[in-house]
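# Structure of the sequence below:
(2 chains)
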Amino acid sequence: MLEDAVVRKVLGAALATGGEWAEVYAEDRLSHNIRLEDRRVEELVTGRDRGAGVRVVKGTASAYAYTNRLDLDALLEAARVAAAALREPPAAEVRDLRRRQPEVRHPVAVDPAGVERTTLAELVRRADDAARGYDPAVAQVTAGYGDVRQQVLIANSEGFSTLEDRVRTRFVVQVVAARDGVVQTGFDGPGRSMGFELLDEFPPEEVARRAAERAVAMLASRPAPAGQMPVVIASGNGGVLFHESSGHGMEADLIAKEASVYTGKQGARIGDERFNGVDDATVEGAWGSFAFDDEGTPAQRTVLFDGGVCTDYLTDLIRARQLGLPASGNGRRQSYADVPIPRMTNTYVLAGDDDPSEIIRQTPRGLYAKSLGGGQVNPVTGEFVFGVVEGYLIENGEVTTPVRGANLVGDGPSVVAAVDALGDDFTVKEGICGKEGQGVPVGNGAPTMRISQMTVGGTGGTA
Amino acid sequence: MTVELDAIVERLAAEATGGEGVEAYAELTTETSVTAFQGEVERLTSASSSGVGVRVVADGRLGYAYTADLSDDGLRECLAEARANLEVSGEDPGNVLPEASAYQALEGLFDTRLADTDPERKVALALDLEARTRAADPKVTQVESARYGDVVGEVAVASSLGISGSFAVTHAWCVSVAMATEDGESQIGYAVDAARALEDLDPGPVAREAADRAVRMLGATKPPTRTIPVVFDRMVAPSLLGVLLAGLSAEEVQKRRSLFADRIGQQVGAAGLRLVDDGRLVAGPGAAPFDGEGVPTGRTVLIEDGMLQCFLHNTASAAREGGEVHSTGNARRGSFKSTPGISAHNLFLEPGDLDQAGLLSRAGEGLLVQDVSGVHSGANPITGDFSVGVSGLLFRDGQLAEPVREATVAAHLLDILKGIDAVGSDLRFTTGSIGGSSLLIGEMTVAGA
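Residues are numbered from 1 along each chain as shown, chains lettered A, B, ... in the order given. Coordinates of the predicted model:
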C-alpha cells in the first residue's frame, strides 16, 4: 500500500517536534453489503474506503491526524499537523522497520470479492423464504449479507511494521412476527473472520429459522416479572453479559484513570474458583480475531479471570507503558479516522462441567434468559442494564412461560461473584461493540451459566 | 487540499444516459478534537476527509456505491459499481430521484470564526474545562473526560433531474464528565454545551453541571419498588424521543415496523402535547437548507394536541404512497457512505411554562431521572415496550432528596406519551438532532429492591 521509504519519511516528519514515538496506520477497505427487506432486495452497496492516520506520542499524550489521500504530500501534511501539538527539539529517531510476521492466521477459502452479485441476491431471498415459511405469524423479514476486506499497514518508529489482510463475512436475519396485536422480533447474525465459506457453516435457511423461532416463541409471552431472582443465561449470551459488565472495566484506559470498578483488583478474588474468563484474538476465524491489533501488536490470549481471581487487564501501547504492563494486543480502532484505544476482541467465559439441563432442573424458580439484546454499562460503578429479547420463567426446575420486556440490572463484580453454575456447553455470539464512538467487531462466548441472584426489571409486577 | 465538491457532483450527474437517473452526494469534513486530562493535552485529533456516494435509478431499481477516492478513476469506478449493483436490486416504486425544486439558503449555519480559530484556543478551552470541572467541587476526584470538538463541513448534491445545491456548516461543542468519590464509591456526571463557534461555548456552567451531577449521586442506593411520578431530566428526554423517532419514519410505517402505523388522527399523547421537527431551526444542529437528497427542508408538526398528524418522509417513502404525499424534506444520511434514509433534523416537544424546579413542585413526590441506560436494548420502537435502567434522585415536596441507582422503569411507550403531564420550559439542543426538555410523567413503576 505504501513504500517503506514513504513511511520512513512520514515517521521522520512526525518525530520532528519531540515525540517519543510515531506511527503510521494506513488501510484500504473494500466492502459489499446487500440487504433484503419487504420481500425485495433493497440495495447492494459497494464501498471503497481508504486513508491513513499519523500519530505522535509522548508519554500518555497523543496527537493524531488523518487523511483519505495516500500520496506522500498528504501524509507529510498529516504528520506535520500531528507533530504541531509538540514544540520541542527532536527526541527520537526512526529505527529500522522490521516486518513482523504473523503468528496466527485466519484463512480465507473463498474470496468474497469474487462472488457474483446474483449469488448474494439469492442468499437473502433464500433466508426470506425460509423465515416466512417457518410460521404464518412471520410478518416481516430483513436479511443482510456483508463482507469486508481490509488491508492494513502499520509502521512504528520504534522499529517494526506489519501488513495484514483481514476478511470478515457476516449474515444477519431479523424477523418480525405478529399475532393478535402482539408484535415480537427475533434476530440471528453469525459472523467470522473468514471468506464466503461462512455460508457453508451457516446456511441462510438455518440463520433465518433461528431468527423466526425467536420471534414466534415470544408471541405467547407475557410481561416479565420484576424483582430479585436467580437467572440462568443460555450458552453464548453470558459472554455478552461478561463483556459488558466486566470486560469493559478491565480495559486499561479506564484502569489508568481509576475510572473502573476493577482498578487495583489484580490478584483479588472476585468469583468462584470455577470461574475463568479470557480475551482471545488468536481464535482462528473468530469474528473478533486478527493477526495484529491496530497498533501492530501480535494477537494474544489474555486471561481476565483465573479461578475467580482477577488477573490481567487489556492494554494498548500507551496504557501498557503507563501502567508498566505487557502490551496485550488490544489496541483497536474502527478505521484510519480513529485513534486506537483498549478494546476487547473475543471475550469468553470458559466452560465448566455442569450439565446445562441439570442447571435448570436445580433452579426452583427464576428467569431463563435464552437470548440477550445489547447492553450498556457504566464502568465507574460497574452497573449495567441488559435487555432479555427471549426469556422464559423457570418454575419448579422447568422452563415454562415466555416473558417479554425483561431487563437484567446489576454490576460486573457482583455478577462474577454470583455465578454458581457453569455448563459444559459453549457457544459464541457476534456483535459490534461501541466505545467512544468507534464500533469494532467483537465475539462473545460462554457456556450456560446461572447467576444465583439478580435484579430483573419488567412490567409484569413484583415476582 | 481543495476539493471542488460542486464540480464533482455535477460531473457525475451529467454522466446519466437515457432512462437512468444519477445522483451524486459529496461531503468534505474537517474536524478537530482535543481531550484534556490532568492538566495536559491527552489527545489531539485533526483531520480532513471527503467522499462521494452515487445513486443510480432506472425502471424502479436502485444501485449505490461510494468512494473516498475522488480521482477521475475512482469516480468512474464508483459509478460503474453503482450501475452494476442496480442490476440485482428489486423493483420498488420508491426508487426514484426527487424532482428539482428551489431551496432557500439558511443564514447562521456557518460561522466563519470557527474556520479561523487557532488550534491553541481549542487546546486552551479543553484545558480550562478540565481545570474548572476539577475545581468545581472537592469531591470531584477525577475528570474522566474533558473534551472540545468541532466540525467544518461542506455538502453538495446534484442529480440528472436538475437537483443542485451546496452549503456549509460549523459545529463546536465541549463535554465534561466528572467523577466524584466518597467512601470508596464513585459516581459520574455529564454535561455538554454546543454552538456554531468556539467563542459561543461557555465552559464554566458545563464544568459546574458535570460536577454537580456526579456529586449529588454519591451514596445512591437501590430504591424500593413503587409507582410514582417521574421527571425525566432534559438531558435524558432525547433518548426517550429517539425511540419514538424511529416509529415516526414513514418507511418504518410502510414496512410495518412502527407502533404508530394506522394511528394517524388518533390520540397518541397527552392533550396539549405538540411534537415538531424543524429543519430550518438554526438553533438546532440538524438545521440545513435541503435534506440528504436536495429536497428543501421545512417545519413538520407530527403530533398536535396529542393527536398524530403525519410521518416524516423522504422521496422514496412519499413515492410509495403515490399521489398526494410529498417528501417532508427528511432524507438524511449518516454520511456519503449510505443511501438517504429518514430521520428528523431538529425534533422537539413544544416547551411548556414550568422549569424543572416547577415540574418537581407540581409533582410533589417522585423520581428525577438523571441518567438512563440500556435504551438500545430495552426500548423497542416496533412493539412499544420500554424498559430501561435509571438512576437519579428521589424528590419530596418538590425538593431533591436521596440519590438512587440500579432501578428500572418499564412501561409501554404510548402510555408514557399519554402520561406526560407537563413539558418543561428548559428546551435545549446540544449535539444530537433531538432537543431535550424536562418531562413530567404522571406515574411510572420504578423497580428497585
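
# For the stretch 1-150 of chain B, give the residue positioned nearest to chain A.
B:G90 (3.4 Å; CB to the nearest CB). For every residue, glycine as well, the C-beta is placed using N, CA and C.

# my read: that residue touches A:V41, true?
Yes - the criterion here is CB atoms under 8 Å, and B:G90 meets it with A:V41 at 4.3 Å.

# Which one of the two is surrounded by more residues?
Each of B:G90 and A:V41 has its neighbours counted (other CB atoms under 10 Å in any protein chain shown); A:V41 has more, 25 against 19.

# From the contact counts, what lies against the strand or helix carrying that one?
Following DSSP states H and E, one finds A:V41 within strand A:40-58. Helices and strands touching strand A:40-58, by 3 or more CB pairs under 8 Å, 6 or more residues apart in numbering or on different chains; DSSP states H and E, are helix A:4-14, strand A:21-37, strand A:61-67, helix A:72-83, helix A:117-134, strand B:40-58, strand B:61-67, helix B:72-86.

# right, and those - which one's nearest B:L129?
Nearest of those to B:L129, taken as CB to CB: strand B:40-58 at 12.2 Å.

# State the distance from the residue of the stretch 1-150 of chain B closest to chain A to A:G288.
Distance, B:G90 to A:G288, by CB to CB, to the nearest Å: 33 Å.

# got it, and B:S373?
Following CB to CB, the distance that separates B:S373 from A:G288 is 23 Å.

# what's the answer for B:H345, then?
Taking CB to CB, one finds B:H345 at 36 Å from A:G288.

# So these two - more neighbours on which side?
Each of B:H345 and A:G288 has its neighbours counted (other CB under 10 Å); A:G288 has more, 29 against 25.

# Close to chain A: what parts of the stretch 151-300 of chain B are there?
Contacts of the stretch 151-300 of chain B with chain A, taken as CB under 8 Å from any CB of the partner chain, map to B:179, B:185-188, B:222, B:225, B:254-257.

# Buried subset of those residues, written for ChimeraX?
Selecting only the buried entries of these in ChimeraX, with 16 or more other CB atoms under 10 Å in any protein chain shown as the criterion:
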select /B:179,186,187,188,222,225,254,255,257
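
# Of the residues of the stretch 151-300 of chain B next to chain A, which pair is most distant in space?
Pairwise distances across these (CB to CB) peak at 49.3 Å, for the pair B:E185 and B:Q254.

# Can you tell me the SS state at the residue of chain A positioned farthest from its centre?
Most distant residue from the mean C-alpha position of chain A: A:P89, 40.7 Å away (CA atoms, centre = their mean). Using DSSP: H, G, I helix; E, B strand; the rest coil, the three-state assignment for A:P89 comes out as coil.

# Which residues are in contact with it?
A:G18 (CB atoms under 8 Å, 6 or more residues apart in numbering or on different chains).

# what's the burial count for residue 163?
In the absence of a named chain, this looks at chain A. 18.

# look at chain B instead
24.

# quick one, phi/psi of the residue nearest to it when sequence neighbours are not counted?
If the residues on either side of it in the chain are set aside, B:I163 comes closest to B:G294, at 3.7 Å by CB to CB, 6 or more residues apart in numbering or on different chains. Phi and psi for B:G294, reported as degrees, to the nearest 10, are phi 90, psi 10.

# if I pick B:G294, what's in contact with it?
With the criterion set at CB under 8 Å, 6+ apart, B:G294 makes contact with B:23, B:98, B:100, B:103, B:157-159, B:163-165.

# Just the buried subset of these, please.
B:23, B:98, B:103, B:157-159, B:163-165.

# Using PDB, write out every CA atom in the strand or helix carrying A:V440.
Using DSSP H and E, A:V440 sits in strand A:438-446. Provided in PDB are the C-alpha atoms of strand A:438-446 (Å, rounded to 0.1, in the frame of the first residue of the first chain):
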ATOM      1  CA  GLN A 438     -15.900   3.700  17.500                       C
ATOM      2  CA  GLY A 439     -17.500   0.300  16.500                       C
ATOM      3  CA  VAL A 440     -15.300  -2.800  16.300                       C
ATOM      4  CA  PRO A 441     -16.300  -6.400  15.700                       C
ATOM      5  CA  VAL A 442     -16.200  -8.500  18.900                       C
ATOM      6  CA  GLY A 443     -17.000 -12.100  19.700                       C
ATOM      7  CA  ASN A 444     -18.600 -13.100  23.000                       C
ATOM      8  CA  GLY A 445     -18.800 -16.600  24.300                       C
ATOM      9  CA  ALA A 446     -19.900 -18.500  27.300                       C
END
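
# buried stuff in that strand?
So, applying 16+ other CB under 10 Å, buried residues of strand A:438-446: A:438, A:440-446.

# Please apply the same query to stretch B:440-449.
B:440-448.

# Which members of the residues you listed occur in strands, if any?
Counting by DSSP state E, these place B:440-447 in strands.
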